[in-house]
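[1] Test case, fold it:
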Amino acid sequence: MPLSDTLARVDADLAAGRVPVARQRLRGLVSSFPNDLALRRRLAEVYRLYGEPVEAGRWMYLEEDRDAAETAAFEARYGTAVQRMRALAWRGGESLAQTAFAAEQLASVRAACSDAMGHSVDWDTLPSPEEELGERSSIADFLAGAGCLVAVLAFLAIWVNGVVALFD
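    Residues are numbered from 1 along each chain as shown. Now for the predicted structure:
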């Protein structure tokens, strides 16, 4: 379905009071056209109808006339640069931004994410949540493996004890 037809359906849904349906359609459009700032703005407006400043701030983050309280709410929920980069769901480089402000915001988030990760990242290869955790993830992996090993050894000990008891 063409973009204009879907936007017409969004308008019809909003006029009929079907806000959740309109929101879902706009989320799909933003997924399909992640670099369209007008779609992001419309999605933010729908989230304002819900009274969700975090999501409104998320989708208005690249706009110069964004609301400071919504931006602060978004930044508080997505506390790290990696989380913000993932939440913004941008695709391609900053050069695809339609405004200079959006390009600056995107570059700032990407640079902060690169600093946090210790290597260069781009919008098409976002770090995974496991990669973001870094060393903490390897410690958790070690503890999980050690726990599994203890469980297997306990099972084997019980099994051997049963076999010995069977032949006594």
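[2] any idea of the pLDDT on residue 144?
    At residue 144, the pLDDT value in this model is 85.
[3] same question, residue 116
    Reported pLDDT for residue 116: 85.
[4] next SSE after the helix or strand of the chain with the lowest mean pLDDT?
    Sorting the helices and strands of the chain by mean pLDDT, DSSP states H and E puts helix 129-133 at the bottom, at a mean of 61. As assigned by DSSP states H and E, the chain's next helix or strand after helix 129-133 is helix 135-167.
[5] how distant is that next one from the center of its chain?
    From the chain centre to the centre of helix 135-167 is a distance of 36 Å (Cα atoms, centre = their mean, to the nearest Å).
[6] Next: stretch 56-63.
    With Cα atoms, centre = their mean as the basis, stretch 56-63 stands 14 Å off its chain's centre.
[7] Equivalent analysis for stretch 78-94, please.
    So, by Cα atoms, centre = their mean, the centroid of stretch 78-94 is 7 Å from its chain's centroid.
[8] what does stretch 88-98 give?
    Mean-position distance between stretch 88-98 and its chain equals 15 Å (Cα atoms, centre = their mean).
[9] What of stretch 99-110?
    Per Cα atoms, centre = their mean, the centroid offset for stretch 99-110 relative to its chain is 18 Å.
[10] Also stretch 34-45?
    Taking Cα atoms, centre = their mean, the mean C-alpha location of stretch 34-45 is offset from the chain mean by 16 Å.
[11] all helices for this structure, in order.
    With helices called from DSSP state H, the chain shows them at 3-15, 19-32, 37-50, 53-60, 68-77, 81-88, 100-117, 129-133, 135-167.
[12] could those helices go into TSV alongside distance to residue 94 and mean neighbour count?
    Placement of C-beta: from N, CA and C, glycine included. Formatted as TSV, the helices of the chain follow (distance: least, Cβ to Cβ, whole Å; neighbours: other Cβ atoms under 10 Å):
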stretch	distance to residue 94	mean neighbour count
helix 3-15	23	14
helix 19-32	18	16
helix 37-50	13	18
helix 53-60	18	23
helix 68-77	19	16
helix 81-88	11	20
helix 100-117	4	17
helix 129-133	21	14
helix 135-167	29	10
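[13] hey, least reliable of the ones you listed by pLDDT?
    The minimum mean pLDDT among the helices of the chain belongs to helix 129-133 (a mean of 61).
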